[in-house]
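S.K.: I'll drop the sequence and a predicted model, then ask my questions.
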Amino acid sequence: MARARSPKGSPARRTPPRSPWRRRLIIVVQVMIGLGILALGALAIAVYVARSQLPSFEELKSSPNGQMIRVHAADGTVIVSLGPSYGEWLPISRIPTVMRDATVSVEDRRFRSHIGIDPVGLARSVKVRFDRGRWIQGGSTITQQLARTIFLNNQKKFGRKFREGILALAIERKFSKDEILELYLNKVYYGGGAYGIDAASRKFFGHGADQLSLAEAAVIAGLVKAPSNYSPTADAAAAVGRAGVVLETMRETGAITAAQAREADPEALKLAPEPRQNSVRYFTDWALPQLDMLIDETQAPLEVWTTLDLNMQRQADAAIRANAPPGAQGALVSLDRDGAVRAMVGGKDYVASIYNRATQAQRQPGSSFKLFVYLAALEAGHKPEDSIVDEPVTIDGWSPRNDSRRNSGAVSLRTAFAYSLNTVAAKLGQEVGFGTVADMARRFGITTPINTHPSMVLGTSDVRLIDMTRAFASVAAKGVAVAPYGILRVTSNGQTIYSHEVDRSHVLVAPYVAAEMTDLLQTAVNTGTGRAAQIGRPVAGKTGTTSSSKDGWFLGFSSGLTTGVWMGRDDAKPIAGLHGGTAPAKAFADFMKPATATRPIEQFETQVTLPDWQLEPDEESYFGSPDNGMMVDPDGNPIATETERPGSADDQPEPAQPAAEPGAGDDEREPQALNQDWIDRVTGRPARRETPANRQPTREPRDPRDLPRVQPVPQEERPNQ
């Protein structure tokens, strides 16, 4: 059969069938083109929407990058500025050409030609990523960095980079290149809290950015990549090295000549001096975190007005520096009668150590803790004139001893407190209950845990200086609670958004109890262990010293001002010669004399009353050894001393006293109790006749064992504490 022919006479040809893989490839290409078109459309829509939502140029100029806080002292002086710092806004025409060229050269050399995203920069970044195995170059343009600075954050996530790209394209559609560069140079972060080139120029070089030289511009332009690493105040060598990279890049891009690059000398630049970080920062570090609880404004700039008295702060700083022993730290807190913190020193040098020992350190208070023991006793009905026996005592296996290692027999509470007799404090604590003493301490503002071992009466629980100062201030306030505060008011944009109100509604003890406690505290300063704290006007206070002289305390008040002082080592090692009655009491006096000089002299409701007999301690009883005689471990358990171990001298019975011979003089009579009659007899003064006016009121003991018979004290031994 003949084959069919085409109309032209040639035989018909059959089209070979297409490969299925080819058909699939075509479909994939078509789909990808379609998706690409859709993606471009979506991108265009996203950019258009983002552009429509962008603030205006003027709005972006005025918007801050974070909250700025300026802190004022009581007299209005600005003592510290925190948060972002902004200099003068410089229009592009006032920004030196060298600053603009340095920034463009090192951050985005194709800035004038790209559309907001630089494909070449992205490709280079990806190539470096594969070569190095990690991201070294981000490939971000100046426009992308501006979008990140104003609208986003620095999280290295794909979602953030995508939004950054959309915003960069939108910014390029809305603003000119000069406007973008102006925004960037006035808003980007240069380190040290400085936002914008003017703030950076003033911080590092002490003048405005419109006066920047080529070398200075190279240093500032080099900071953007890593502000903390290249800061000239933190690492001058790194800053100079980075500036050299900037200058070389400027030469490569033609912004400067090789001769100009050589003439610029970053190493010869003189930096503006850094403001001294003095002890004021201890106060601001304590006060400013309280803003989170006082206000809810987190964006607008704040003006914080505080209670700090700069003159008192300088005096406190000087007192601690002058009196703290070598190798020791010191802390001081001073409260006004309403709780306003007038001075706070957390250490000898804030730059060397920002640890605030006034508010953060927890140390044993020694005998200053007896404040709460005697408050509990006075509230239970004791009076300063009540008689109690100073004698050996053992409570649950614990046997406290006085610093002098002697007992003085029947004494008044005033005398026992003035000379910090430990046996009396132990007996009072046992009588009122150690839990009651702990409750009293918590009532007066002690926030740290308090143990209830018998030895707690000698200050074996750790406390904070600011808490102890608060307790003494509450006594000075006649038993009304005093709460320390440092922020008076806060304003924002001229409006007051917080104002402190003093609460005087919490009464801790009856006024007469506070007055009796003040009576005891006066005696401790005038005739007892706190004599070094005298300032020429009425003072009430108490010393505290812990075992091995690890801590020294003095806390007291006068003329409406209450001040607490602590000294010791951070590692709690002993310090020879450190006792509450020495360096801390002297620092208290050095601070309080000038601090109260302009205040009227205020007499306490109770006048100073001397002890019922005047002790004459050896010098070391005041200044040479602890005033709590603490013989316990950190848990309050008794520690046997060398003389208390088996076979020691203290275990041997004392030799019997020879019997008095008939007709012998007073010096050979049987040892007498240490009381006023004994003092009168040995000093040759006529004995007083007991009258209602001079009779010492006593309090009936709850149990006859509370006041056992007096231990005889040989006349030839001079009594001491």
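M.R.: Thanks, I have the structure now. Residues are numbered from 1 along each chain as shown.
S.K.: poorly predicted segments of the stretch 1-150 of the chain, please.
M.R.: 1-18, 43, 63-67, 121-139 (pLDDT under 70).
S.K.: mind listing the helices for it?
M.R.: Under the criterion DSSP state H, counting those that start in this stretch, helices of the stretch 1-150 of the chain are mapped to 20-53, 57-62, 97-107, 119-132, 142-151.
S.K.: now for the second one, which elements pack on it?
M.R.: Which is helix 57-62. helix 177-187 (3 or more C-beta pairs under 8 Å, 6 or more residues apart in numbering; DSSP states H and E). Quick note: C-beta positions are derived from backbone N, CA and C, even for glycine.
S.K.: quick check: angle from the helix it packs on to helix 142-151?
M.R.: Regarding helix 177-187 and helix 142-151, their directions subtend 50 degrees when assessed with axes from the mean of the first three to the mean of the last three C-alpha atoms, to 10 degrees.
S.K.: what's the angle from helix 177-187 to helix 97-107?
M.R.: Going by the same axes, to 10 degrees, helix 177-187 makes 90 degrees with helix 97-107.
S.K.: what residues of helix 177-187 count as buried?
M.R.: Residues 179-187 are the ones in helix 177-187 that count as buried (16 or more other C-beta atoms under 10 Å).
S.K.: what is the rounded mean pLDDT of that helix?
M.R.: Mean pLDDT, computed over helix 177-187, is 91.
S.K.: contacts only, for K542.
M.R.: Remark: with contacts taken as C-beta atoms under 8 Å, 6 or more residues apart in numbering, K542 is in contact with 367-368, 370-371, 472, 521, 524, 529-530, 554-556, 580.
S.K.: give me the distance between it and H506.
M.R.: Taking C-beta to C-beta, to the nearest Å as the measure, K542 falls 23 Å from H506.
S.K.: equivalent analysis for N526, please.
M.R.: 30 Å.
S.K.: more neighbours, those two?
M.R.: More neighbours surround N526 than the other of N526 and H506, with 19 against 12 (other C-beta atoms under 10 Å).
S.K.: would you quantify the distance from that one to P538?
M.R.: According to C-beta to C-beta, N526 stands 9 Å off from P538.
S.K.: next: S412.
M.R.: S412 sits at a distance of 21 Å from P538 (criterion: C-beta to C-beta).
S.K.: so which of the two has more stuff around it?
M.R.: Each of S412 and P538 has its neighbours counted (other C-beta under 10 Å); S412 has more, 24 against 19.
S.K.: isn't that one up against S387?
M.R.: Yes: contact criterion C-beta atoms under 8 Å: S412 and S387 qualify, at 6.0 Å.
S.K.: buried set for the host helix or strand of K586?
M.R.: Taking DSSP states H and E as the criterion, K586 maps to helix 583-595. Within helix 583-595, the residues that qualify as buried by neighbour count (16+ other C-beta under 10 Å) are 583-593, 595.
S.K.: which of those residues lies closest to S93?
M.R.: Checking the buried residues of helix 583-595 against S93 with C-beta to C-beta, the nearest one is A595 at 53.8 Å.
S.K.: you'd agree that closest one is up against S558?
M.R.: No: at 9.2 Å, A595 does not count as touching S558 under the criterion of C-beta under 8 Å.
S.K.: and the residue nearest the centre of the chain, how close does it get to V437?
M.R.: With distances taken as C-alpha atoms, centre = their mean, the chain has N356 as the residue nearest its mean C-alpha position (4.0 Å). Summarising the geometry, the distance separating N356 from V437, computed by C-beta to C-beta, is 28 Å.
S.K.: now do the same contact list for the closest residue to I142 other than its chain neighbours.
M.R.: With sequence-adjacent residues excluded and distances taken as C-beta to C-beta, 6 or more residues apart in numbering, I142 is closest to D108, at 4.3 Å. For D108, the contacting residues are 114, 118, 121, 141-143, taking C-beta under 8 Å, 6+ apart as the criterion.
S.K.: do the same with S279
M.R.: With the criterion set at C-beta under 8 Å, 6+ apart, S279 makes contact with 313, 316-317, 344-347, 350.
S.K.: surely L152 and F162 touch.
M.R.: No: checked against C-beta under 8 Å, the pair L152 and F162 is beyond contact range at 10.6 Å.
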